[in-house]
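> Predicted coordinates and the sequence they were generated for:
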Amino acid sequence: QDMKLLSKADIFIINGGGIETFLAEVGKVYPNLEISETTKGLELQKEEGSENAHQWMDTRLYTQMVKNIADTLSRVDKKNASIYQENANIYCKKIENLTNQIDTLKTEFKNNVVIFHEAYAYIAEQFGWNVVYCLNLDEERQVSAGEIADMLAIITKNQVSMIFAEELYGKDMGETVEKETDSKVYYLDTLVRGNYETDSYLTAMQKNIDIIKQALEEM
């Protein structure tokens, strides 16, 4: 069905970072289709040898993604280039507001944190935190008793006070950790789902920032 949709497309805007594993097939079927990677020129984090393609979790990188999209549209549809650029600038100003909030919340103290989703590695980097353990939970992840024991030991050793998890897959583990340690688990949005409304990203990221602000106040 997706391939049928692409048959009518002029531009295919993709996230990049290795997420779209089907791209080779698309390129063969539609050699004239303009394929634009939003991650072009961005330095992505590495996770176990591969790229961590959740870069939108860093508002600074997301701003560049928006600019990349605007540049692609401007190149392909030159007569409307000024409109694309103007709209991108307006949107980037809104993202800048989020970035400024994050900068305000930053402290010189390098917090040790544990994350239950690799997406939060970008949040940790933007806030200047040290990720001492990443347990990447999803619907297929089976966690052994040994892993849990190792994680709990690391949390205690590094005096981790904040753990960030996705509620859908991390709730059970979060409850376990809170019972066994003095750490508090905070549930953030990975921004991989949504209603695709115009301000979905802005609304979800603002909620994340509000939760993080609460976490810092409770430290």
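That came through fine.

> ok but Ile163 is inside a strand, no?
Yes: assignment of Ile163 by DSSP: H, G, I helix; E, B strand; the rest coil places it within a strand.

> Can you name the residues bridging to it?
When assigned by DSSP bridges, Ile163 has beta-bridge partners Val114, Val185.

> list the contacts for it?
With contact set as CB atoms under 8 Å, 6 or more residues apart in numbering, Ile163 has these partners: Val113, Val114, Ile115, Phe116, Ile155, Gly174, Val177, Ser183, Lys184, Val185, Tyr186. Glycine gets a C-beta too; all of them are placed from N, C-alpha and C.

> ok, now Glu167?
By CB under 8 Å, 6+ apart, the neighbours of Glu167 are Tyr187.

> Show me what the longest helix anywhere in the chain is packed up against.
With DSSP state H applied, the helix covering the greatest number of residues in the chain is identified as helix 81-105. Contacts of helix 81-105 with other secondary structure elements, assessed using 3 or more CB pairs under 8 Å, 6 or more residues apart in numbering; DSSP states H and E, are made with helix 59-76, helix 120-127, helix 200-218.

> what's the angle from it to helix 59-76?
Angle, helix 81-105 to helix 59-76, by axes from the mean of the first three to the mean of the last three CA atoms, to 10 degrees: 180 degrees.

> Report the buried residues of helix 81-105.
Tyr84, Ala88, Tyr91, Cys92, Ile95, Leu98, Thr99, Gln101, Ile102 (16 or more other CB atoms under 10 Å).

> On the pLDDT front, check the nearest residue to the fifth one once chain neighbours are set aside for me.
In other words, Ile95. Nearest non-adjacent residue to Ile95, counting by CB to CB, 6 or more residues apart in numbering: Thr63, 4.9 Å away. Among the per-residue scores, Thr63 holds a pLDDT of 98.

> ok now the helix or strand of the chain with the lowest mean pLDDT, how far from the chain's centre?
Sorted by mean pLDDT, DSSP states H and E, the helices and strands of the chain end with helix 23-29, the least confident at a mean of 84. For helix 23-29, the gap between its own C-alpha mean and the chain's C-alpha mean amounts to 26 Å (CA atoms, centre = their mean, to the nearest Å).

> Tell me the buried residues in it?
Neighbour counts over helix 23-29 (16+ other CB under 10 Å) mark Val26 as buried.

> Show me the contact partners of that helix.
Here helix 23-29 makes contact (CB under 8 Å, 6+ apart) with Met3, Leu6, Phe12, Ile14, Leu33, Ile35.

> Tell me the spacing between the fifth one and Gly18.
This points to Leu33. Using CB to CB, to the nearest Å, one obtains 19 Å as the distance from Leu33 to Gly18.

> ditto for the third one
Here Phe12 is placed at a distance of 16 Å from Gly18 (CB to CB).

> more neighbours, the two?
Under the criterion of other CB atoms under 10 Å, the comparison of Phe12 against Gly18 puts Phe12 first, with 18 against 13.

> Counting neighbours, what do you get for the closest residue to Asp182 other than its chain neighbours?
Spatial nearest neighbour of Asp182, excluding adjacent residues (CB to CB, 6+ apart): Ser161 at 7.3 Å. For Ser161, the number of neighbouring residues by other CB under 10 Å comes to 18.

> farthest residue from the center of this structure?
When distances to the mean C-alpha position of the chain are computed (CA atoms, centre = their mean), the maximum falls on Lys79, with 33.0 Å.

> That one in helix, strand or coil?
When states are read from three-state DSSP, the local structure at Lys79 comes out as helix.
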